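> With the sequence up front, the predicted model follows.
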Amino acid sequence: RVNGKNLLPDADYGDVLELKFNGNLIPAEYILENDEDHVLVVIPRGTQSGPVTVDINVKDELVSAQAGYFNYLPLSNVITYAGTGDEDTLSAPNPLDAKFRRPRLITYDPFLKALFCIENNAAYTHSLIRKIDSTGNVTTVGSTTLYIRAIASDKGGQKYVAAGADFNNTNACKIYKLNTAGALTLWANNLTCGYADSVAPLPARFSDIRSIAFDNSNNLYITDGNRVRKIDLAANLVTTIAGTGVAGFADGQADSAKFSSPNSLAVENDGTIYISDGGNNVIRKLSGGFVSTVAGIHSTVPNFTQTG
């Protein structure tokens, strides 16, 4: 609905009203109502966000006015894809018949077109690796006494997990490769927990991995303690790309920026990295070697506000 004044054209003089959304003319049959103070219109499928323009041709003179901004919000349906809702580890060929026990991590394997998720066994002594294949078949493909803290898949479908020593030591400082059979192979940090960049993943050291994610170039990014680390798979190189390692809050050049217990990260298509900075209650952005705060007000005390 577009509200305004003098929106009803005079047909006796051949006046014509036209609506444009993001520069695209709305066909006349999509205009349901047209009165002096409003126009009710159905937005055609595929219309993108953009400015709304009302044009009225009055006696061959075009009168044009901006009528705000149209924000396209696609509607999505949420469905239950797998699980009955009962807490268990039952496998099943139909995903809706399967049961899960508090799944806490998930990744998509683009090569196998399968989902892999991590959950705990009943005794909380093992991490279970569950798989939902392209047909919906749910199976348990592996089990480990390691506490898996994070999981991600590269472009070729190779899966990586960050894990702590066991369920009594959930501090994750090692990264393993996970094969399709559920077996783990140590890939990064064959030493004790700590901090060290390296020309290869195995000698590198990590202290507190909470999240891992790949970009489109197959680089692995890691929140580790109060730093953001990077493993270049092509060059086999481990580097620190942001953070001093000292807890705090500071935007600016990446090597002098400060974080406080960053919990997770996501990588945009252009390589921009977004980081949830848990200890500071803000969302940070890492781009072009610079760290900025893009959402939230820095505080060590959680607060809940929203805008828009």
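That came through fine. Numbering: from 1, shown residues only.

> I'd assumed residue 40 was in contact with residue 7.
No: between residue 7 and residue 40 no contact is recorded; they are 10.7 Å apart, counting by C-beta atoms under 8 Å. Yep, even glycine has a C-beta here, placed from its N, CA and C like the rest.

> The two - which one has more neighbours?
Just comparing residue 7 and residue 40: by other C-beta atoms under 10 Å the higher neighbour count belongs to residue 7, 19 against 12.

> That one belongs to a helix, doesn't it?
No: following the definition DSSP: H, G, I helix; E, B strand; the rest coil, residue 7 is coil and is not counted among the residues of a helix.

> residues touching it, list them.
17, 34, 35, 36, 37, 38, 39, 54, 56 (C-beta atoms under 8 Å, 6 or more residues apart in numbering).

> do residue 237 as well
Under the criterion of C-beta under 8 Å, 6+ apart, the contact list for residue 237 reads 198, 199, 200, 231.

> 10 Å instead?
By C-beta atoms under 10 Å, 6 or more residues apart in numbering, the residues touching residue 237 are 197, 198, 199, 200, 201, 204, 219, 230, 231.

> Let me know the pLDDT of the closest residue to residue 232 other than its chain neighbours.
Across the structure, with C-beta to C-beta, 6 or more residues apart in numbering as the measure, the residue nearest residue 232 apart from its sequence neighbours is residue 219 (5.5 Å). Turning to residue 219, the model gives it a pLDDT of 94.

> Report the contact partners of residue 219.
154, 213, 230, 231, 232, 233, 234, 235, 237, 241, 267, 271.

> So which of the contacts of residue 7 wins on neighbours?
Within the contacts of residue 7, neighbour counts (other C-beta under 10 Å) peak at residue 39, which reaches 21 neighbours.

> Apart from its chain neighbours, what residue comes closest to that residue?
Using C-beta to C-beta, 6+ apart and skipping residues adjacent in sequence, the residue nearest residue 39 is residue 2, 4.6 Å away.

> Can you report how many residues lie near the one you found?
19.

> List the residues that contact it.
With contacts defined as C-beta under 10 Å, 6+ apart, the neighbours of residue 2 are 19, 21, 31, 34, 37-41, 52-54, 67-68, 70.

> The helix or strand containing residue 239: what's the following helix or strand?
Secondary structure from DSSP states H and E places residue 239 in strand 237-242. The first helix or strand that comes after strand 237-242 along the chain, using DSSP H and E, is strand 252-253.

> got the phi/psi numbers for the residue nearest to residue 32 when sequence neighbours are not counted?
The shortest distance from residue 32 to any non-neighbouring residue, by C-beta to C-beta, 6+ apart, is to residue 40 (4.6 Å). For residue 40, the backbone dihedrals (degrees, to the nearest 10) come out as phi -100, psi 120.

> Please name the bridge partners of residue 40.
Beta-bridge pairing for residue 40 (DSSP bridges): residue 33.

> And for residue 114?
Per DSSP bridges, the residues bridged to residue 114 are residue 109.

> isn't it right up against residue 129?
No: with contacts defined as C-beta atoms under 10 Å, residue 114 does not count as touching residue 129, sitting 11.7 Å away.
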